[in-house]
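In: Sequence plus the predicted model coming up.
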Amino acid sequence: MLTDYHNHLERGTLTLDYLKLFTNEAKKKGIQHFGISEHAYHFYQTKNILSNPWVDERRFYDMADYVALFHQAWDQDIDVKMSIEMDYTPGKHKEMEAFISQYDFDYVIGSIHWVDDFGIDLKEYIQEWEKRDLHDVYKKYFDQVVTLAESNLFDIVGHLDLVKIFKYVPTDEEFLLNEYDRATTALSNSKTAVEISTAGLRKPVGELYPDERLLQMCFDKNIPIVLSSDAHQPNDVGADYDQAVAFAKRIGYTSLMTFEKGERIEVPLG
């Protein structure tokens with residue numbers, strides 16, 4: 001069985017025709033568990049959770065239209081899960097919980113894209129990497145992974161070590177492994193699964209998320225996984241899954257977690 005739970009419609013339209021391009025690609029690639037998880041910051045209903053100039057320029061959806069799209073798909077027997085990718089925002093737990101609880105999501109992804117006012121994965125902010133203390137950014141990033149896990153608001157944590165996207169990685173291995181350890185300990189005490197994401201292969205870092213040492217810690221602490229492509233266009237659905245499956249099996253994983261309206265079912269990987 002294969003999953004692809006992390007996909008975005010934002011470069012197209014919230015229409016059934018555009019959605020079908022994604023679901024048809026998933027079917028073609030043998031992905032049995034497929035979901036759309038649009039960025040929550042695009043929706044007017046999340047303004048009280050995350051707001052900054054970069055985000056506010058990109059807030060153009062209404063949740064009513066998003067939910068209606070899935071109902072159209074289900075009415076036509078299109079098997080697609082409804083999800084959201086929420087920017088985990090420290091200090092906004094009540095607001096995030098209130099938003100999530102309003103909708104009948106099959107699962108919710110929590111991701112970290114912001115460290116204070118620094119959009120760590122955005123090209124518009126890339127010059128900031130040279131201005132900031134690398135260890136400080138990493139520590140603050142993994143601080144958020146810990147509190148994301150402790151919140152227990154999310155079913156999946158997205159691209160667990162996204163912070164490496166532009167190849168700014170501490171050379172101090174002891175420091176790095178300590179950050180990995182405390183993040184995975186927190187995740188192991190939560191309901192949160194980790195995704196193996198092939199998106200990193202299409203980014204400057206040129207490798208899967210998460211790092212092999214980090215995924216090994218996940219496995220050793222019995223943290224479940226899903227597979228995701230983080231596709232922002234239809235042809236990236238299930239991209240490079242041969243590498244993702246081989247990676248998971250090499251670490252020792254033999255199963256994936258699946259989600260449906262809050263129900264979690266473990267299925268064989270492969």
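Out: Okay, I see it. Here the structure is a predicted model, which means the values were calculated and not measured. Residues are numbered from 1 along each chain as shown.
In: pretty sure residue 84 is in a helix, no?
Out: No: according to DSSP: H, G, I helix; E, B strand; the rest coil, residue 84 belongs to no helix; its state is strand.
In: Look up the closest residue to it, ignoring the ones flanking it.
Out: What sits nearest to residue 84 in space, not counting adjacent residues and going by CB to CB, 6 or more residues apart in numbering, is residue 40, at 5.0 Å. For every residue, glycine as well, the C-beta is placed using N, CA and C.
In: Thought residue 49 was touching that neighbour, still the case?
Out: Yes: using CB atoms under 8 Å, residue 40 is in contact with residue 49, at 7.2 Å.
In: hey, what's in contact with both of these two?
Out: Common contacts of residue 40 and residue 49 (CB atoms under 8 Å, 6 or more residues apart in numbering): 86-87, 99.
In: Which pLDDT value belongs to the residue most central in space within the chain?
Out: Nearest to the mean C-alpha position of the chain, counting by CA atoms, centre = their mean, stands residue 158 at 2.4 Å. Residue-level confidence at residue 158 comes out at 98, pLDDT.
In: same thing with residue 124?
Out: 96.
In: can you check residue 270 too?
Out: On the pLDDT scale, residue 270 gets 81.
In: Now do the contacts for it.
Out: 1-2, 245, 249.
In: Could you count how many residues lie near the residue nearest to residue 84?
Out: By other CB atoms under 10 Å, 26 other residues sit near residue 40.
In: For it, give me the pLDDT.
Out: Residue 40 is assigned 98 on the pLDDT scale.
In: Select from the contacts of residue 270 every entry located in helices.
Out: 245, 249 (DSSP state H).
In: For the closest residue to residue 24 other than its chain neighbours, give me its contacts.
Out: Using CB to CB, 6+ apart and skipping residues adjacent in sequence, the residue nearest residue 24 is residue 234, 7.7 Å away. Shown in contact with residue 234 (CB under 8 Å, 6+ apart): 21-22, 24-25.
In: Identify the bridge partners of the closest residue to residue 195 other than its chain neighbours.
Out: Spatial nearest neighbour of residue 195, excluding adjacent residues (CB to CB, 6+ apart): residue 228 at 4.3 Å. With DSSP bridges as the criterion, residue 228 is bridged to residue 197.
In: these two touch, right, residue 165 and residue 201?
Out: No: in terms of CB under 8 Å, residue 165 does not count as a neighbour of residue 201; the distance is 11.7 Å.
In: Tell me which of those two has more neighbours.
Out: residue 165 (21 against 16).
In: Would you mind measuring from the more buried one to residue 173?
Out: Residue 165 is 19 Å from residue 173, where distance means CB to CB, to the nearest Å.
In: can you check residue 152 too?
Out: Separation of residue 152 from residue 173 (CB to CB): 30 Å.
In: Give me the more crowded residue out of the two.
Out: residue 152 (13 against 9).
In: I'd like the distance between the nearest residue to the more buried one once chain neighbours are set aside and residue 157.
Out: Excluding its sequence neighbours, the residue lying closest to residue 152 (CB to CB, 6+ apart) is residue 190, at 5.2 Å. Distance from residue 190 to residue 157, counting by CB to CB: 9 Å.
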